[in-house]
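>>> Predicted model follows, preceded by the sequence.
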Amino acid sequence: MDKREFRKNAADMIYLTACAVNSKKPKQERIEALDLPKLFEVSQEHILTACVAYALETVGIKDHDFTQAKEKAIRKNILLDAERRRILERLEAEKIWYMPLKGSILKDWYPKMGMRQMSDNDILFDIQMRSDVKKIMSDLGFELKLERELVDEYIKEPVYNFEMHSELFMEFQVGDMAEYYHGVKSRLLKDSGSGYGYHFSNEDFYLFMLAHEYKHYAFGGTGVRSLVDTYIFLRKFGNALDWKYIHAELDKIGISDFERSNRELAVKLFSMKQLTLDDKKLLDYYVMSGTYGTRENVVENGIRSSGHGSKLRYFIHRIFPPVKYLKGSVPWAKKSKLLIPAAYIYRFFRGATKNRTAISNEFRQLEKKSK
């Protein structure tokens, strides 16, 4: 599908998603112009297939692919909910404090089950108890798929994927997020009826949601679903939020401009209001990013943010990144300054073997940009 077709079908996806989350019936003239296979492809790219399926069903369209995706989303949400309860019960029993994050909470604020599709569940827990959490997950039948500095990813058949976070942001990530969210437990609220469960205030939930999205937005891009999340949250809580507190904290994190543009675009888009030219330009970045961003955006944003305007300088920067990034990428480099040269060599060969395709794609984009 070329970019023009992608954008056209993305516009249909956004319209139908707006209908779904606002419980409105789509207009017949829009329905008649749909290309369902291409619409499905774009909706899958943005993980909004279930939303679109719900909207199509209101006009009597039960396309096989869309219906299957919606039913799968419902089933996965139910299974993840049940498994998350098992994990939290074990954390309670072992007296380990915890907090479920973002998507597992947001999904319950969407109008219908499965509308907010889930790829995984994220849980923050006491960093001092990481080895205990590994044992708990192993006891529950999970396999440790990936171990990173501050998050461990666990999988289990048929659909279970849990990311267990000991911190919310790493030092090398954009802005001041790692510093702001270090020791976040002091700002959490205790769950009622729970010994060790915590949650964000509504204001802090919004701040974390925005910080998380900005991390993706500023790196490789983030998709339309993040705008839907913003709209759903603001529709539920917006009028009751302490905006003075929110704006003060946004300044500390350094994402005030992003919050404003993201909020304004989300509200206009899913309230079906007229967009300005600037709105449309920003929306196109979300549309063409897909859910998890693109390699092209990684290169473009990397050059812009780091000031490495030439191909050679950017190439050197990627192979020999700043030490704080290196330590985030290769955690054992933190143990001693003497390990830093070895960590650079290790990172280079790890990229050349495990991440060869991604790196190749990145430098292909860099080559294209330099022409």
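Yep, that arrived. Numbers count the residues shown, from 1 in each chain.
>>> Quick one: low-confidence residue ranges for this protein.
171-175, 290-320, 322, 324-329, 331-332, 348, 350-371 (pLDDT under 70).
>>> quick one, strands of it?
98-100, 121-125, 143-147, 151-156, 160-165, 189-190, 198-199 (DSSP state E).
>>> Serialize those to a markdown table and add fields for mean neighbour count and distance to residue 215.
Just so you know, the C-beta spots here come from the backbone N, C-alpha and C atoms, and that holds for glycine as well. Output for the strands of the chain, formatted as a markdown table (neighbours: other CB atoms under 10 Å; distance: least, CB to CB, whole Å):
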| stretch | mean neighbour count | distance to residue 215 |
| --- | --- | --- |
| strand 98-100 | 21 | 18 |
| strand 121-125 | 21 | 13 |
| strand 143-147 | 12 | 18 |
| strand 151-156 | 18 | 13 |
| strand 160-165 | 20 | 13 |
| strand 189-190 | 12 | 23 |
| strand 198-199 | 17 | 21 |
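>>> any chance of the ones you listed in CSV, with distance to residue 231 too?
Formatted as CSV, the strands of the chain follow (distance: least, CB to CB, whole Å):
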stretch, distance to residue 231
strand 98-100, 21
strand 121-125, 21
strand 143-147, 31
strand 151-156, 27
strand 160-165, 25
strand 189-190, 24
strand 198-199, 21
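>>> Out of the ones you listed, which is closest to residue 335?
Smallest distance to residue 335 across the strands of the chain (CB to CB): 16.3 Å, for strand 143-147.
>>> Distance from the closest one to the middle of the chain?
Put simply, strand 143-147 sits 19 Å off its chain's centre (CA atoms, centre = their mean, to the nearest Å).
>>> and if you look at stretch 51-63?
26 Å.
>>> okay, which residue is most central for this structure?
Geometric centre of the chain, nearest residue: residue 213, 5.9 Å, by CA atoms, centre = their mean.
>>> List the contacts of that residue.
222, 226, 229-230, 262 (CB atoms under 8 Å, 6 or more residues apart in numbering).
>>> again with residue 182
For residue 182, the contact set (CB under 8 Å, 6+ apart) comprises residue 167.
>>> picking up where we left off before, out of the strands of the chain, flag the one nearest residue 25.
Of all these, strand 121-125 comes closest under CB to CB, at 32.8 Å.
>>> Tell me which residues of stretch 238-252 come out buried.
Buried residues in stretch 238-252, counted by 16 or more other CB atoms under 10 Å: 241, 246, 249-250.
>>> now do stretch 247-266
Buried-residue list, stretch 247-266, by 16+ other CB under 10 Å: 249-250, 253, 255-256, 258-259, 262-266.
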